[in-house]
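J.: pasted the sequence and its predicted model underneath.
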Amino acid sequence: MRSKIPFFIMIPSVLSVIMFMFYVFLGFNNRTYIVHPVTISFFVVIMILLLILDSIDNLIYRRKLKFLTEEERRKIFEENEGNYFYRLYKFIFHDPKKKSQEVKKIDHGFDGIFELDNKLPMWWVHLFYLTIVFSTIYFFSCLFTDFSNPYKEYEVAYQNQLKEIEIFEKNTPQVTVENAFFDPKFIDSGKILFEENCATCHQSDGSGNIGPNLTDDYWINIMEKNLFKNIFSIIWYGSKNNPTMRAFGQSGEIKGNEIQKISSYVYFINTKLKKPIKNKAPQGKKILDWDK
């Protein structure tokens, strides 16, 4: 007759397994699902049923003992000697067949050495069985659910990152024409944004393509007296002379903080760098006396 598992171990174990199944197969990895009244009610019902089953099991166990002989009852009591944790320890670390079995000797034959064919420790055997069960559950969970699916994990992480960016942008004030300023630390990030949004018309080095050259002193659109603010204003309001250069800032297509980075890069290549060898012919009015 098997040893009974105490209810204070059985109930938490069963509830933990159910929660794990919810997490793996139903995707209940959000804390709101766990604390939902329906979920709590479900676990309460499960716990009540387990208590009822434990009471029924105790009743059946006592009834069976009455129909056994004195010798059979004595063997059961010996097997169930001590508390549950002591019996669990014996189950994991002690092999009941080991005492009755002699250790086999293996003769190498050629070197006169005998090798003892000892059995593996019971804790190692049980651990091996546990890895088989775990790997089987893990395999089918990955195969038929989203659990540990790298593509699903990437999608979830990507969506979470988009939400964090949206929250950050809402809580972070955007730069406007009034408070925009050149910052050298934005040059590298501004170059990346420039290549993504502006290089098609102006080339990645700003030397000009279908759009004007941004590295010379000639300007088609003059909106501000300060060079940096003029660059920022053109990107924000667009060009009245060229409908292709639309109002990226006013339309919300590019945020103010990103426009500041692009403007810092354009200001940098216009004033700091050596001019490209091949560039587009000048367009507009030459201006050298920008306000500082």
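T.: Nice, thanks for sending it over. Numbering: from 1, shown residues only.

J.: how about the CA coordinates for stretch 173-180, as CSV?
T.: What follows is stretch 173-180 as a C-alpha-only set of coordinates in CSV (Å, rounded to 0.1, in the frame of the first residue of the first chain):
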residue,chain,number,x,y,z
PRO,A,173,8.7,67.5,-23.6
GLN,A,174,9.5,67.9,-27.3
VAL,A,175,11.9,70.5,-28.5
THR,A,176,10.4,73.4,-30.5
VAL,A,177,11.9,76.2,-32.7
GLU,A,178,12.0,78.5,-29.6
ASN,A,179,14.2,76.3,-27.4
ALA,A,180,16.1,74.3,-30.1
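
J.: buried residues, it. List them.
T.: V175, V177, A180 (16 or more other Cβ atoms under 10 Å). C-betas here are computed from N, CA, C, even on glycine.

J.: isn't the last one right up against N226?
T.: Meaning A180. No: using Cβ atoms under 8 Å, A180 is not in contact with N226, being 9.4 Å away.

J.: what sits in contact with each of those two?
T.: Common contacts of A180 and N226 (Cβ atoms under 8 Å, 6 or more residues apart in numbering): none found.

J.: just give me the closest of the buried residues of stretch 173-180 to W123.
T.: Set against W123, the nearest of these by Cβ to Cβ is V175 (64.2 Å).

J.: which stretches of this structure form strands?
T.: Secondary structure of the chain, counting by DSSP state E: strands at 104-107, 114-117, 218-219, 285-286.

J.: of these, which approaches F194 most closely?
T.: Across these, F194 has its closest neighbour in strand 218-219 (17.5 Å, Cβ to Cβ).

J.: give me the mean pLDDT for the closest one.
T.: In this model, strand 218-219 carries a mean pLDDT of 92.

J.: do the same with stretch 127-141
T.: 87.

J.: what of stretch 271-286?
T.: On average, stretch 271-286 scores 82.

J.: out of the strands of the chain, deepest packed?
T.: Highest mean neighbour count among the strands of the chain (mean count of other Cβ atoms under 10 Å): strand 218-219, with a mean of 18.

J.: strand partners of that strand, parallel vs antiparallel please.
T.: Partner strands and pairing direction for strand 218-219 (DSSP bridges) are strand 285-286 (antiparallel).

J.: from the middle of its chain, how far away would the partner strand be?
T.: 53 Å (Cα atoms, centre = their mean, to the nearest Å).

J.: residue numbering should commence at 4 henceforth.
T.: In the new count, where the first residue is 4, that last one comes out as strand 288-289.

J.: what sits up against it?
T.: So strand 288-289 is contacted by D220, Y221, W222, I223, I225 (Cβ under 8 Å, 6+ apart).

J.: again, 6 Å this time
T.: Taking contacts as Cβ atoms under 6 Å, 6 or more residues apart in numbering, the residues outside strand 288-289 that touch it are D220, Y221.

J.: beta-bridge partners for K107, please?
T.: D120.

J.: that one contacts N121, correct?
T.: No: using Cβ atoms under 6 Å, K107 makes no contact with N121, being 8.8 Å away.

J.: what touches both of those two?
T.: In contact with both K107 and N121: no residue, using Cβ under 6 Å, 6+ apart.

J.: can you tell me which of the strands of the chain comes nearest to S151?
T.: Of these, nearest to S151 by Cβ to Cβ is strand 117-120, at 39.5 Å.

J.: report the distance from that closest one to the chain centre.
T.: 50 Å.

J.: and for stretch 165-173?
T.: So, by Cα atoms, centre = their mean, the centroid of stretch 165-173 is 17 Å from its chain's centroid.

J.: pLDDT (mean, whole number) over it?
T.: pLDDT averaged over stretch 165-173 gives 84.

J.: and stretch 112-121, by the same measure?
T.: 76.

J.: by mean pLDDT, flag the weakest helix or strand of the protein.
T.: Ranking every helix and strand in the chain by mean pLDDT, DSSP states H and E puts helix 34-37 at the bottom, with a mean of 67.

J.: surely N233 meets E227?
T.: Yes: counting by Cβ under 6 Å, N233 does reach E227; the two are 4.1 Å apart.

J.: and these two? Which one has more around it.
T.: Ranked by neighbour count (other Cβ atoms under 10 Å), N233 and E227 place N233 first, with 20 against 17.
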